[in-house]
Each structure stands twice: as C-alpha cells, then as structure tokens.
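Engineer: My questions concern the predicted model and sequence given below.
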Amino acid sequence: MTSLLVFSDLDGTLLDHHTYSFEPALVALQSLKTLSIPCVINTSKTFHELISLRKELNHQDPFIVENGSAVYIPKQLSLVIDETLEECGDYWLKAFGPKRDKLIELTNDQKGHYTFTRFSDMTYQDLMSVTGLDEANAKMAMQREFTEPMLWTDSNLALSKLREHMAQFDIQIQKGGRFSHLMGKHCDKANAMLWLTEVYASQNDEKLITMALGDGENDIGMLSKADIPVVIRSPVHAPPEVPNRSDAWLTDAYGPEGWAQAIDLVLSKQGIM
C-alpha cells in the first residue's frame with residue numbers, strides 16, 4: 001500500500017500572489033481531506049498568521065513556519081515522535097534555529113554597509129504598503145519567532161557579501177518572493193519537510209510518497225527533495241530551476257488554480273492511492 005504526503009508553499013502557490021485567495025484550490029483541498037492525505041503547509045509565514053488562515057482552510061495537519069525554522073504538530077493528531085519536543089499550547093514544537101532577537105542583534109552593525117530594511121525597522125503600516133496586507137494580517141506577519149525578513153534594496157553582489165559575513169555566525173539568508181530572510185543555517189523548508197516525513201514514515205509500514213508544491217527560490221530545496229516536485233507558475237517571476245530534477249512538473253495555470261490541477265493529476269494517477 002502506498003500513501004501520499006503533500007507539502008505546500010502558500011504565497012503564490014496555494015494563495016494567489018496578488019489577492020491571497022485560495023478559492024480555486026478548495027475542491028482539491030477537500031479531495032485530500034476526503035482521502036485522509038495530510039497537506040502540510042510549508043511557508044515563510046508566521047505561527048500567528050497561520051492560526052487564522054488554518055481556520056479559513058479548515059486545516060488540521062502539521063505546518064512548517066518561517067521558511068522551515070519550526071514545525072508545529074497539533075497534539076490531536078497523536079503522532080508518535082521519538083524525541084522531546086517543546087510544548088506550545090495545542091501543539092508540539094520542533095525548532096531548527098535560533099530566536100529572532102539574535103538575528104536582529106547580528107545585523108544591527110551592518111546597516112551602514114548595505115541598504116536594507118528589516119521587519120524590525122518597519123511599522124505595520126510600512127508592511128501594509130509593501131505587501132498589500134490588511135492591518136490585522138500585517139501585524140501578525142510581524143510577530144516572528146525564528147526569522148527576520150529584510151526588504152533588500154542593495155545589489156545581488158552586496159547580498160552575497162552579507163551572506164558570507166553572516167555564515168560565520170551560522171546564519172543564512174534565503175531569498176523569497178518579496179523578502180530576503182535571515183535565519184539559522186539549519187532552518188530550511190527541505191530539512192523541515194524531511195524531518196516531518198520521517199515522523200509520518202515511522203507511524204506504519206506503508207510506502208510514503210512526498211509531493212511538494214512551490215513557486216519561489218526558497219522552495220527549491222523542498223522541491224528537490226520531494227518524490228513529486230511541482231513548480232507553480234507565477235504571474236510575476238520566472239519559474240525557479242530545480243537542480244538535477246528533470247522530472248519536476250511546471251503547472252500551466254498560476255497560483256491556486258495550478259495547485260489544484262497538480263493535486264488532481266496526482267490523485268488521478270494509478271499507483272499513488
């Protein structure tokens with residue numbers, strides 16, 4: 001027997017890049033629920049942002065926040081996990097990197113060398129202007145725990161230099177759709193996906209097939225490690241290349257419409273279910 005485990009980015013993937021709507025994906029999401037296929041959200045968004053969004057999506061599965069910095073597992077799932085996790089209300093928490101305060105501290109002395117604006121330098125009104133988020137969602141987006149996004153306005157060469165500088169502190173910079181994200185070197189969507197895949201694989205003897213869907217540069221690692229990598233077409237940037245994966249799918253449609261098409265195609269293929 002084969003079972004499927006889905007990992008999905010949000011912005012530009014399950015959520016429309018411009019409107020943040022997930023309506024075109026609702027039927028496909030329901031299909032996954034009906035078949036008891038977990039759909040793990042794997043996003044740059046924060047825990048606080050996901051609490052309200054998960055209610056809208058009726059999402060009951062684990063979720064990965066802040067570009068792979070931490071995994072939250074609902075206690076109600078009763079997954080057997082062979083390590084000690086942090087207790088966080090209704091969730092078990094597995095963190096992969098340092099707290100946000102350390103990231104802010106390490107970049108304070110870099111402000112004179114490069115031009116960038118961190119979330120900690122912005123007001124929620126600034127963030128609303130940059131992203132189009134409403135006030136409530138902008139405030140939630142700023143409640144970060146493990147990462148510090150930057151609006152990078154310097155050159156790519158300058159970003160490479162800052163990357164080199166931060167590496168000595170075990171800090172990396174991942175480039176997302178709108179922001180560059182400071183985080184611990186072990187914080188990565190792929191690492192978090194692989195850790196959670198092991199958790200699911202240990203629950204029974206079924207063969208587990210992983211499917212990952214994403215549209216940005218920060219999704220490449222996750223896509224490259226999945227059994228079925230799906231690149232969601234974006235209206236604002238070229239599809240990211242997934243190294244050494246000539247089998248990666250590229251959707252015809254954009255955002256949640258392309259997401260739904262990919263899910264439907266996998267579910268219709270023989271041997272998956």
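Structural biologist: Received it, and whenever you're ready, just let me know what you need.
Engineer: give me the low-pLDDT residue ranges for the stretch 151-273 of the chain?
Structural biologist: For the stretch 151-273 of the chain, residues meeting the criterion pLDDT under 70 lie at 270-273.
Engineer: all helices of it, in order?
Structural biologist: Taking DSSP state H, counting those that start in this stretch as the test, the helices found in the stretch 151-273 of the chain are 156-167, 189-201, 220-225, 255-268.
Engineer: Out of the ones you listed, which gets nearest to W92?
Structural biologist: helix 189-201 (10.1 Å; C-beta to C-beta). Where you see a C-beta, it was placed from the backbone N, CA and C, and this is true even at glycine.
Engineer: What residues of that closest one count as buried?
Structural biologist: K189, A190, N191, A192, M193, L194, W195, L196, T197, V199, Y200 (16 or more other C-beta atoms under 10 Å).
Engineer: coming back round to it: looking at the helices of the stretch 151-273 of the chain, which is buried most?
Structural biologist: Comparing the helices of the stretch 151-273 of the chain by mean neighbour count (mean count of other C-beta atoms under 10 Å), helix 220-225 comes out on top with a mean of 23.
Engineer: which residues make contact with it from outside it?
Structural biologist: Helix 220-225 is contacted from outside by 7, 9, 42, 68, 188-191, 193-194, 210, 212, 214, 229-231, 240-245, 248, using C-beta atoms under 8 Å, 6 or more residues apart in numbering.
Engineer: again, only using 6 Å
Structural biologist: If you take C-beta atoms under 6 Å, 6 or more residues apart in numbering as the criterion, helix 220-225 is touched by D188, K189, A190, M193, A212, G214, P229, P240, V242, R245.
Engineer: of those, closest to A167?
Structural biologist: D188 (14.2 Å).
Engineer: Quick check: the closest one touching E66?
Structural biologist: No. Contact criterion C-beta atoms under 6 Å: D188 and E66 do not qualify, at 10.9 Å.
Engineer: Cross the contacts of helix 220-225 against strands and list the overlap.
Structural biologist: Members of the contacts of helix 220-225 lying in strands (criterion: DSSP state E): A212, G214, P229.
Engineer: Just give me the closest of these to A141.
Structural biologist: Checking these against A141 with C-beta to C-beta, the nearest one is G214 at 18.9 Å.
Engineer: L10 is in contact with the closest one, correct?
Structural biologist: No. Using C-beta under 6 Å as the test, G214 is too far from L10 to be in contact (9.3 Å).
Engineer: When the two are compared, which one has more neighbours?
Structural biologist: G214 (30 against 22; other C-beta atoms under 10 Å).
Engineer: Against A248, how distant is that one?
Structural biologist: The spacing between G214 and A248, counted by C-beta to C-beta, to the nearest Å, is 10 Å.
Engineer: and what of P256?
Structural biologist: Using C-beta to C-beta, P256 is found at 19 Å from A248.
Engineer: which residues does the residue nearest to W249 when sequence neighbours are not counted contact?
Structural biologist: The shortest distance from W249 to any non-neighbouring residue, by C-beta to C-beta, 6 or more residues apart in numbering, is to V230 (4.6 Å). Taking C-beta under 6 Å, 6+ apart as the criterion, V230 is in contact with L213, W249, A262.
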